[in-house]
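> Predicted model, plus sequence, below.
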Amino acid sequence: MTTTSDLDGSSVVVTGAGSGIGRAAARQFALLGAKVVVADVNGDAAKTVAEEISAAGGTAVAVAGDLTEAAVVDEVITTAVSTFGGLDVLVCNAGIMDSMTAAADVSDEEWDRLIAVNLTSPFRLTRAALPHLLAQGKGAIVYTASEAALRGSAAGLAYTTAKTGLVGLMRSVAVMYRESGVRANAIAPGGTVTGISTSPDPAGHGPRVVGRYLPNVGRIAEAEEQAAAIVFLASAAASNITGVVLPVDNGWSAV
């Protein structure tokens, strides 16, 4: 049976790896023998995770910076290639939450920031990674989408739009490059214990509407459960899976 042992020795980039799902994914990849670029806007957090991996006998290097900056995107991919000799897996996990804001109340600032972090940055990372994946004729890209990409009642307008766009990005990459050996998939997490935060106004229209549906979320997942799905999709165990959105949501998407 095919296992995730194919990841041993592979070069993996995980963004948003300083905490939450990204940290859990970076650690799981490293446990399987992958060499990991731990990328995060919080430099201290990225360094800590890389040190945790090294202390456990794994291989990791930290890269700090805001992925909305093109130079940081280039640094992340270049670091993987120059340090580990190539790139096999890209995990676009970094993201931020909105304030559950409804369309009539979204500011330009909130919209621009959510789109930049949650959609434009993954696009730029994908564009930077593809030449390396295509040159070797194989590779996997995994995106952290959201339950908000499957329904309109899980977040505000900006987050919902960005994560829905991320699924479109993934599907286009999957179709465009499936004959070139590059696979692209996404997970759609439901409620998960992470460090991502939001500060909705309880009296706001968006939070009041979304709040009606949140009881359907069910059990809150641990970050490691989301990471396990990411690792699976990146591995040869998922060798014939591309263009898929995998809900990891305790059945919330089925309600």
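Noted; the coordinates are in hand. Numbers count the residues shown, from 1 in each chain.

> So which residues of the stretch 101-250 of the chain form helices?
108-115, 121-136, 157-177, 205-211, 223-234 (DSSP state H, counting those that start in this stretch).

> got the angle for the second one vs helix 157-177?
Which is helix 121-136. 10 degrees (axes from the mean of the first three to the mean of the last three Cα atoms, to 10 degrees).

> Poorly predicted segments of the stretch 151-255 of the chain, please.
197 (pLDDT under 70).

> one more time with 80
195-199 (pLDDT under 80).

> before we move on, back to that, want to throw the helices of the stretch 101-250 of the chain into JSON lines with distance to Gly57 and mean neighbour count?
C-beta: built from backbone N, CA, C; applies to glycine. Output for these, formatted as JSON lines (distance: least, Cβ to Cβ, whole Å; neighbours: other Cβ atoms under 10 Å):
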{"stretch": "helix 108-115", "distance to Gly57": "38", "mean neighbour count": "15"}
{"stretch": "helix 121-136", "distance to Gly57": "26", "mean neighbour count": "19"}
{"stretch": "helix 157-177", "distance to Gly57": "33", "mean neighbour count": "20"}
{"stretch": "helix 205-211", "distance to Gly57": "43", "mean neighbour count": "17"}
{"stretch": "helix 223-234", "distance to Gly57": "18", "mean neighbour count": "22"}
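
> Nearest to Thr242, out of these?
helix 157-177 (4.5 Å; Cβ to Cβ).

> what's the distance between the closest one and the middle of its chain?
12 Å (Cα atoms, centre = their mean, to the nearest Å).

> what does it rub up against?
92, 95, 97-98, 101-103, 106, 110-111, 114-115, 117-119, 122-123, 126, 130, 133-134, 141, 143, 145-146, 148-149, 152, 154-155, 182-186, 188, 206, 242-243, 245 (Cβ atoms under 8 Å, 6 or more residues apart in numbering).

> go again using 7 Å as the cut-off
With contacts defined as Cβ atoms under 7 Å, 6 or more residues apart in numbering, helix 157-177 is touched by 97-98, 101-103, 106, 110-111, 114-115, 118-119, 122-123, 126, 141, 143, 145-146, 148-149, 152, 183-186, 242-243, 245.

> That one versus helix 108-115: what angle between them?
Interaxial angle of helix 157-177 relative to helix 108-115 (the same axes, to 10 degrees): 30 degrees.

> could you dump helix 157-177 to PDB, C-alpha only?
Coordinates of each C-alpha in helix 157-177 appear next as PDB, following Å, rounded to 0.1, in the frame of the first residue of the first chain:
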ATOM      1  CA  LEU A 157     -17.800  39.000   2.800                       C
ATOM      2  CA  ALA A 158     -14.000  39.600   2.400                       C
ATOM      3  CA  TYR A 159     -13.000  36.200   3.900                       C
ATOM      4  CA  THR A 160     -15.700  34.300   2.000                       C
ATOM      5  CA  THR A 161     -14.700  35.900  -1.300                       C
ATOM      6  CA  ALA A 162     -11.000  35.300  -0.800                       C
ATOM      7  CA  LYS A 163     -11.300  31.700   0.200                       C
ATOM      8  CA  THR A 164     -13.800  31.000  -2.700                       C
ATOM      9  CA  GLY A 165     -11.300  32.600  -5.000                       C
ATOM     10  CA  LEU A 166      -8.600  30.400  -3.600                       C
ATOM     11  CA  VAL A 167     -10.600  27.300  -4.600                       C
ATOM     12  CA  GLY A 168     -10.900  28.700  -8.100                       C
ATOM     13  CA  LEU A 169      -7.100  29.300  -8.100                       C
ATOM     14  CA  MET A 170      -6.600  25.700  -7.000                       C
ATOM     15  CA  ARG A 171      -8.900  24.200  -9.700                       C
ATOM     16  CA  SER A 172      -7.300  26.200 -12.500                       C
ATOM     17  CA  VAL A 173      -3.800  25.100 -11.500                       C
ATOM     18  CA  ALA A 174      -5.000  21.500 -11.200                       C
ATOM     19  CA  VAL A 175      -6.500  21.600 -14.800                       C
ATOM     20  CA  MET A 176      -3.600  23.500 -16.300                       C
ATOM     21  CA  TYR A 177      -0.900  21.300 -15.000                       C
END
